[in-house]
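> this one's structure only:
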């Protein structure tokens, strides 16, 4: 035993040295592989560069020929081309003949000079390539850290901050939306959204208008909009220093400055008038705040640019915040003559695509086609039927994202079962794909837009279980 402990330091030292040597050998081996790959890449770059450089004489010949043609010297151009043709023929004839010792020596000298120039070019480019590789690695590492930070923030529960100043309302502004509790995204369905301008100056007005449908089959797990305040929001802004000041809000044709009651299953139009206050690039949207601010239902946002100085801002006369609760009249739509039954719905994770099997019945007097699917303000269009002309945010719009297998006109009285696919990166914009992947009890809630031959539109609400699959 004493002998073992006596030899133990020696054994540890030998093991450590062997381990260090093995690691060093692996690093040398990896370095050798990298060196050969680097040399091959730089050699290819050098070969291409030298080949382009050697074409300078050919370029000169082309310039001379082009100049003769430009000035209309056609006989000179014909003679010039004949001389070049004879030179080319002579070159290939000479190349097939056996070289004299002097010619062979000159050829070998030219090959050696080319190889030396190539090696110098490779060594010259080696350091810049390594610097570039290091910078790219640092950039990718920074992007990864930033992505992880953004994911952490998006998963945090940042609470909105409603401020009332001098009995005048501004609007919700918050650091990062918690994705509105994704289920809430599908309870108030925003559509026909329009931002009046993309570029503003301080004191200019921005009008956000559109429609929203209050889903009829309201989830028991979500607060109902019995008392809801329509407002505007800017992502990443402290409410004490707002970007816009709210001037007017309309639901229907009624001017409102207080919470309202919304009825499930009804559709309303709205308009919010804002006055630009602070310069910068901002993402602006509307939203409903329910109850005491425990939950909010946000529309999609759009990037708005404001130019100018805060010192030039003129405060508007805003409407004082009222405390009474109003009942608002909804839009009177004719009952849709199209009925839809969802037989199944699934989201394919690798393809970022959702598929549905729909049984569609046309009870109207004219043929219809499916033109759009709207899920939480994310729009998928069949361009042969419907196109966007409103400047809708590109990240939320898949212009060619809707595919309907057999989307020929559905005649009056006809019933047809079709396969519908909505695909594209637009699923990522409001983190819908993450919700579908991570939530086991998904439901598909959205709007289908059907169009007849005259361009008239009918809207159908869908609600069905949604399965996620890795296939």
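Alright, I've got the coordinates. Computed from a predicted model, the values in this text were never measured in an experiment. Numbering: from 1, shown residues only.
> and residue 190, bridged to which residues?
Counting by DSSP bridges, residue 190 is bridged to residue 212.
> you'd agree it is up against residue 215?
No: look at residue 190 against residue 215 with Cβ atoms under 8 Å: they stay out of range, at 11.5 Å. Backbone N, C-alpha and C define where each C-beta goes, glycine included.
> ok, the two, which is more surrounded?
Comparing residue 190 with residue 215 by other Cβ atoms under 10 Å, the one with more neighbours is residue 190, at 23 against 19.
> Got the confidence number for residue 353?
As summarised for this prediction, residue 353 has a pLDDT of 92.
> what does residue 379 give?
96.
> And residue 143, by the same measure?
On the pLDDT scale, residue 143 is placed at 66.
> low pLDDT regions in the stretch 51-200 of the chain?
Under the criterion pLDDT under 70, the flagged ranges of the stretch 51-200 of the chain are 54, 94-99, 103, 107, 143-185.
> what about the strands in it?
Remark: strands assigned in the stretch 51-200 of the chain by DSSP state E, counting those that start in this stretch are 164-165, 168-169, 173-174, 188-195, 199-201.
> Residue 40 belongs to a helix?
Yes: residue state for residue 40 (DSSP: H, G, I helix; E, B strand; the rest coil) corresponds to a helix.
> Looking at the residue nearest the centre of the chain now. What's its pLDDT?
The centroid of the chain falls nearest to residue 395 when counting by Cα atoms, centre = their mean (4.4 Å). For residue 395, the pLDDT comes out at 92.
> what's the answer for residue 47, then?
pLDDT, residue 47: 74.
> same question, residue 385
95.
> hang on, it in a strand?
No: remark: residue 385 does not belong to a strand; assigned using three-state DSSP, it is coil.
> separation between the residue nearest to the residue nearest to the centre of the chain when sequence neighbours are not counted and residue 101?
Leaving aside its sequence neighbours, residue 395 sits nearest to residue 429 (Cβ to Cβ, 6 or more residues apart in numbering; 4.3 Å). Distance, residue 429 to residue 101, by Cβ to Cβ, to the nearest Å: 73 Å.
> out of the two, which sits in the more crowded spot?
Higher neighbour count among residue 429 and residue 101: residue 429, with 20 against 7, using other Cβ under 10 Å.
> residue boundaries of the strands in the stretch 351-471 of the chain?
Going by DSSP E, counting those that start in this stretch, the stretch 351-471 of the chain shows strands at 353-362, 368-375, 378-381, 397-398, 402-405, 415-423, 442-452, 457-469.
> Single out the most deeply packed of those.
Comparing those by mean neighbour count (mean count of other Cβ atoms under 10 Å), strand 378-381 ranks first with a mean of 25.
> Relative to the whole chain's centre, how far out is it?
13 Å (Cα atoms, centre = their mean, to the nearest Å).
> now for that strand, which elements pack on it?
strand 368-375, strand 397-398 (3 or more Cβ pairs under 8 Å, 6 or more residues apart in numbering; DSSP states H and E).
> redo that, cut-off 10 Å
If contacts are counted by 3 or more Cβ pairs under 10 Å, 6 or more residues apart in numbering; DSSP states H and E, strand 378-381 sits against strand 368-375, strand 397-398, strand 402-405, strand 415-423, strand 442-452.
> Show me the strands paired with it, marking each as parallel or antiparallel.
With DSSP bridges as the test, strand 378-381 is paired with strand 368-375 (antiparallel), strand 397-398 (parallel).
> contacting residues around that strand?
Outside strand 378-381, the residues within contact range by Cβ atoms under 10 Å, 6 or more residues apart in numbering are 185, 191, 193, 300, 353-354, 371-374, 386-388, 392-393, 395-403, 420-424, 426-430, 432, 446-447, 449.
> now do 7 Å
Contact with strand 378-381 is made by 371-373, 387-388, 392, 396-399, 401-402, 422, 424, 426-427, 429-430, 432, as judged by Cβ atoms under 7 Å, 6 or more residues apart in numbering.
> can you check stretch 120-133 too?
38-39, 42-43, 45-46, 49.
> try 8 Å
With contacts defined as Cβ atoms under 8 Å, 6 or more residues apart in numbering, stretch 120-133 is touched by 38-39, 41-43, 45-46, 49-50.
> Listing request: residues of the stretch 301-450 of the chain with sub-threshold pLDDT.
Scanning the stretch 301-450 of the chain for pLDDT under 70 picks out 318-326.
> how close does residue 422 sit to residue 438?
From residue 422 to residue 438 the distance is 19 Å (Cβ to Cβ).
> Quick check: residue 268 touching residue 327?
No: counting by Cβ under 8 Å, residue 268 stays clear of residue 327, with 11.5 Å between them.
> out of the two, which sits in the more crowded spot?
Set side by side, residue 268 and residue 327 show more neighbours around residue 268, with 20 against 9, by other Cβ under 10 Å.
> What are the buried residues along the helix or strand encompassing the more buried one?
Using DSSP states H and E, residue 268 maps to strand 267-276. Buried residues in strand 267-276, counting neighbours by 16 or more other Cβ atoms under 10 Å, are found at 267-268, 270-276.
> Stretch 427-440 too?
The neighbour-count check on stretch 427-440 (16+ other Cβ under 10 Å) flags 427, 429-436 as buried.
> One more: stretch 297-306?
Applying a neighbour-count criterion of 16+ other Cβ under 10 Å, one finds 297-302, 304, 306 buried in stretch 297-306.
> Same question for stretch 375-392.
Going by neighbour count (16+ other Cβ under 10 Å), the buried part of stretch 375-392 is 375-382, 385-386, 392.
> same question, stretch 254-264
256-260, 262.
> ditto for stretch 280-294
Using 16+ other Cβ under 10 Å as the test for burial, stretch 280-294 gives 282-290.
> Which parts of this protein belong to which domain?
Structural domains assigned to the chain are 2-54+98-152, 164-327, 338-469, following automatic domain parsing.
> The longest one: how far from the chain's middle?
I take that to be domain 164-327. 23 Å.
> same question, the shortest one
Domain 2-54+98-152 sits 37 Å away from the centroid of its parent chain (Cα atoms, centre = their mean).
> What is the end-to-end distance of stretch 338-356?
End-to-end distance of stretch 338-356: 17 Å, with Cα to Cα, to the nearest Å as the criterion.
> Tell me how far it lies from the chain's centre.
21 Å.
> repeat for stretch 378-388
Between the centre of stretch 378-388 and the centre of its chain there are 17 Å (Cα atoms, centre = their mean).
> One more: stretch 463-471?
23 Å.
> what does that stretch contact?
Here stretch 463-471 makes contact (Cβ under 8 Å, 6+ apart) with 215, 217, 342, 344-350, 354, 356, 436-437, 442-445.
> cutoff 10 Å now
Defining contact as Cβ under 10 Å, 6+ apart, one finds that stretch 463-471 is touched by 186, 215-217, 340-351, 354-358, 375, 433, 435-446.
> would you turn the buried residues of stretch 280-294 into a markdown table with distance to residue 224?
Listed next are the buried residues of stretch 280-294 as a markdown table, based on distance: Cβ to Cβ, whole Å:
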| residue | distance to residue 224 |
| --- | --- |
| 282 | 31 |
| 283 | 28 |
| 284 | 26 |
| 285 | 22 |
| 286 | 19 |
| 287 | 16 |
| 288 | 11 |
| 289 | 13 |
| 290 | 8 |
